[in-house]
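Visitor: I'd like to go over a predicted model; first the sequence, then the structure.
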Protein chains: 2
Amino acid sequence: MADLDIAAVAQRSGVPASTLRFYEEKGLIASVGRRGLRRVFDPGVVERLALIALGRAAGFSLDEIALMFAPDGRPRIDRQLLAAKAQELDRTIQRLTAMRDGLRHAAACRAPSHMECPTFRRILRAAASGAMGERTRRVAPRPRK
Amino acid sequence: MADLDIAAVAQRSGVPASTLRFYEEKGLIASVGRRGLRRVFDPGVVERLALIALGRAAGFSLDEIALMFAPDGRPRIDRQLLAAKAQELDRTIQRLTAMRDGLRHAAACRAPSHMECPTFRRILRAAASGAMGERTRRVAPRPRK
DNA sequence: GTGCCACTTCAAGTCGACTTGAGGTCAAGT
DNA sequence: ACTTGACCTCAAGTCGACTTGAAGTGGCAC
């Protein structure tokens, strides 16, 4: 496959050109050179972008993702790190699950006011005590306009 | 219970004074008046803050939360809205669950390179296609310093 | 050969939820 | 009366991941 210009990469990966430049600046991807001013990319960059998207979806920051590539550019995926992130996700899932069940209950509950519903009050106390939501974390990548 | 000054509210609710001023400016809470320059709050504000924390934990934005209070200040909780949010949370949970399982697999997988693992490649394609992560959404409230 | 327009750079803007800092006020304790 | 320091206001800064805009360049179809 021939080399790609930025528009081709954008088209194949679904990542906007502006983001590709931004990622290059951050060192997440690299162009193989220039044709005049224009960046020329190896087709392999598309897979790399998929890897980056995966990392984002898993909740890694761009900086964290950058660390997952060895200086030679090959992925250097640390299984411990993955396991840790899996555990973090698991905690988030539990938190969200509790939240979802609480919301469902609140939506279904027929108490005249939510404040009179014991379940609601219990959830409220949990939220107030900060038991939910230790760390704000962006979840889900690529806001795709 | 006597009225509270901002420090007392902060202490009882766990919400920093700077945030309380910010919330007041946004119209999320209100002080009952001033003593000199200083804000004086009704003790009820603490419960209201708990409600706000709950909304945040459920993934509502401050603006959305503001809409959940009637002009008179009483909570006006829309059951439909709650159900919708519950559903949204459910989708997020499913997405995160898939991610978590993928991460676990990747962490455990003994293929020499992740790229040679069919499971990993499947997840990768999902991430690349944007199947995961439609909307970036902050999850979990109160980054608490 | 020439005009168009996709590409380029660089600075600045955006979004949400706050925090921080400078400079000012004043209630209360000594 | 004086000092202290908790409170006040208002503007600006922060964080992450990008996007947007202005101004410039040059590859390529004609």
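Guide: Here it is on my side, so go on.

Visitor: name the nearest residue to A:Ala8, sequence neighbours excluded.
Guide: Nearest residue to A:Ala8 in three dimensions, chain neighbours excluded: A:Phe41, at 7.7 Å (CB to CB, 6 or more residues apart in numbering or on different chains). Placement of C-beta: from N, CA and C, glycine included.

Visitor: please apply the same query to A:Ile93.
Guide: Ranked by CB to CB, 6+ apart and with sequence neighbours excluded, the top spatial neighbour of A:Ile93 is B:Leu96, at 5.2 Å.

Visitor: do you know how far the one you found is from B:Leu62?
Guide: Distance of B:Leu96 to B:Leu62, computed by CB to CB, to the nearest Å: 24 Å.

Visitor: which strands and helices lie in contact with the helix or strand that contains A:Asp90?
Guide: A:Asp90 belongs to helix A:79-108 when assigned by DSSP states H and E. If contacts are counted by 3 or more CB pairs under 8 Å, 6 or more residues apart in numbering or on different chains; DSSP states H and E, helix A:79-108 sits against helix A:118-128, helix B:79-108.

Visitor: state the helix or strand in which the spatially most central residue of chain A lies.
Guide: Geometric centre of chain A, nearest residue: A:Arg56, 2.9 Å, by CA atoms, centre = their mean. A:Arg56 is located in helix A:45-57, with elements delineated by DSSP H and E.

Visitor: what about that helix, average pLDDT?
Guide: The average pLDDT for helix A:45-57 rounds to 95.

Visitor: do that helix and DNA strand C come into contact?
Guide: No. Using CB under 7 Å from any atom of the strand, helix A:45-57 never reaches DNA strand C; the gap is at least 12.6 Å.

Visitor: what angle do that helix and helix B:79-108 make?
Guide: Interaxial angle, helix A:45-57 versus helix B:79-108 (axes from the mean of the first three to the mean of the last three CA atoms, to 10 degrees): 120 degrees.

Visitor: what's the following helix or strand after helix A:45-57?
Guide: As assigned by DSSP H and E, the chain's next helix or strand after helix A:45-57 is helix A:62-67.

Visitor: now that following helix: buried residues?
Guide: Within helix A:62-67, the residues scored as buried using 16 or more other CB atoms under 10 Å in any protein chain shown are A:Ile65.

Visitor: which strands or helices does it pack on?
Guide: The contact analysis (3+ CB pairs under 8 Å, 6+ apart) places helix A:62-67 against helix A:17-26, helix A:45-57.

Visitor: surely the residue nearest to A:Ala8 touches A:Val9?
Guide: Yes. Between A:Phe41 and A:Val9 there is a contact at 5.0 Å, judged by CB atoms under 8 Å.

Visitor: what's near enough to touch A:Arg12?
Guide: Contact partners of A:Arg12, counting by CB atoms under 8 Å, 6 or more residues apart in numbering or on different chains, are A:4, A:46.

Visitor: recalculate using a threshold of 10 Å.
Guide: Going by CB atoms under 10 Å, 6 or more residues apart in numbering or on different chains, A:Arg12 touches A:4, A:41, A:43, A:45-46, A:49, B:128.

Visitor: could you say which helix or strand holds it?
Guide: Using DSSP H and E, A:Arg12 maps to helix A:6-13.

Visitor: and that helix, how far from the chain's centre?
Guide: The chain centroid and the centroid of helix A:6-13 are separated by 21 Å, computed with CA atoms, centre = their mean, to the nearest Å.

Visitor: and it with DNA strand D, contact?
Guide: No. Applying CB under 7 Å from any atom of the strand, one finds helix A:6-13 out of contact with DNA strand D, separated by at least 9.8 Å.

Visitor: using PDB, write down the CA coordinates of that helix.
Guide: Extracted C-alpha coordinates of helix A:6-13, given in PDB (Å, rounded to 0.1, in the frame of the first residue of the first chain):
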ATOM      1  CA  ILE A   6      -3.100  13.400   6.000                       C
ATOM      2  CA  ALA A   7      -6.600  13.400   4.400                       C
ATOM      3  CA  ALA A   8      -6.200   9.700   3.500                       C
ATOM      4  CA  VAL A   9      -5.300   8.900   7.000                       C
ATOM      5  CA  ALA A  10      -8.200  10.900   8.300                       C
ATOM      6  CA  GLN A  11     -10.500   9.100   6.000                       C
ATOM      7  CA  ARG A  12      -9.200   5.600   6.800                       C
ATOM      8  CA  SER A  13      -9.000   6.100  10.500                       C
END
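
Visitor: now that helix: buried residues?
Guide: Within helix A:6-13, the residues that count as buried by 16+ other CB under 10 Å are A:6, A:9-10, A:13.
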